[in-house]
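1. Predicted model and sequence follow; I will ask about them next.
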Amino acid sequence: MEIFQDLLAANQKYAQGFAHEDLTGFAVKGLAIVTCMDSRIDPLSIVGMRPGDAKILRNAGARVTEDVLRTLILATHLLGVNRILVMPHTNCKMASGDESTIHQQIFEKSGIDTRSIEIRTVTDQITALKSDIVRIETCPLLNKPLAVMGGIYDVDNGTLTPINNSK
């Protein structure tokens, strides 16, 4: 547990000034953000929100996976979500090579063969983003009406460039 002492100490300070006891599980602004796990991304700040305003779903590459859809189903039916922003970003490792390249890089660093799992890399972020938007828009289990938008977040300058599916 010693390796986590910095986190526990920071939590003690956080808890002393805790001011979110009035928040519920609902997304006050009706938003869910699907974004990457990249630590350069502060999803609430990027869109001018704060804790309690939105649901945040994160994974490598900001991909709309089965688990993301499962979570969005719960969020749209039970937690007040009626709009979704899918937000991958520039300079993403998941857009830096094909599937085999990423597996090889992992193998070279660790000696572990990860080819049994799908990494879900992309070679064209905009095409992948549009495909993920379609996955959400066509999922029959999501509560409707539902607004969906894509946007590429630029980690170098903080801008969000809207990308919509051209139907």
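-> Perfect, thanks for sending it.
2. How about the contacts made by residue 128?
-> Counting by Cβ atoms under 8 Å, 6 or more residues apart in numbering, residue 128 touches 61, 63, 88, 122. For the C-beta atoms, the positions are set from N, CA and C on the backbone; glycine is no exception.
3. Now with 7 Å, please.
-> Shown in contact with residue 128 (Cβ atoms under 7 Å, 6 or more residues apart in numbering): residue 122.
4. Looks to me like it is in a helix.
-> Yes - counting by DSSP: H, G, I helix; E, B strand; the rest coil, one finds residue 128 located in a helix.
5. and the gap between it and residue 41?
-> According to Cβ to Cβ, to the nearest Å, residue 128 and residue 41 sit 17 Å apart.
6. quick one: what helix or strand has the spatially most central residue of the chain in it?
-> Centroid-nearest residue in the chain, with Cα atoms, centre = their mean: residue 35, separated by 2.1 Å. Element membership for residue 35, per DSSP states H and E: strand 31-36.
7. re the thing from before, and the residue nearest to the centre of the chain, how far is that from residue 111?
-> Using Cβ to Cβ, we find residue 35 at a distance of 31 Å from residue 111.
8. now swap in residue 30 and tell me
-> Distance check for residue 30 against residue 111: by Cβ to Cβ, it reads 46 Å.
9. Those two: who's more crowded?
-> Between residue 30 and residue 111, counted using other Cβ atoms under 10 Å, residue 30 has the larger neighbour count: 19 against 7.
10. is it true that the more buried one touches residue 76?
-> No - with contacts counted by Cβ atoms under 7 Å, residue 30 stays clear of residue 76, the gap being 9.6 Å.
11. any shared contact partners between those two?
-> The contact lists of residue 30 and residue 76 share residue 82, where a contact means Cβ under 7 Å, 6+ apart.
12. What residues does the residue lying closest to residue 91 once chain neighbours are set aside make contact with?
-> Once flanking residues are discounted, residue 91 sits nearest to residue 155: 5.4 Å by Cβ to Cβ, 6 or more residues apart in numbering. Listed by Cβ under 7 Å, 6+ apart, the contact set of residue 155 reads 40, 89-91.
13. List only buried entries from the residues you listed.
-> Among the contacts of residue 155, the ones that count as buried by 16 or more other Cβ atoms under 10 Å are residue 89.
14. tally of neighbours for the nearest residue to residue 120 once chain neighbours are set aside?
-> Nearest non-adjacent residue to residue 120, counting by Cβ to Cβ, 6+ apart: residue 63, 4.8 Å away. Using other Cβ under 10 Å, residue 63 is surrounded by 23 other residues.
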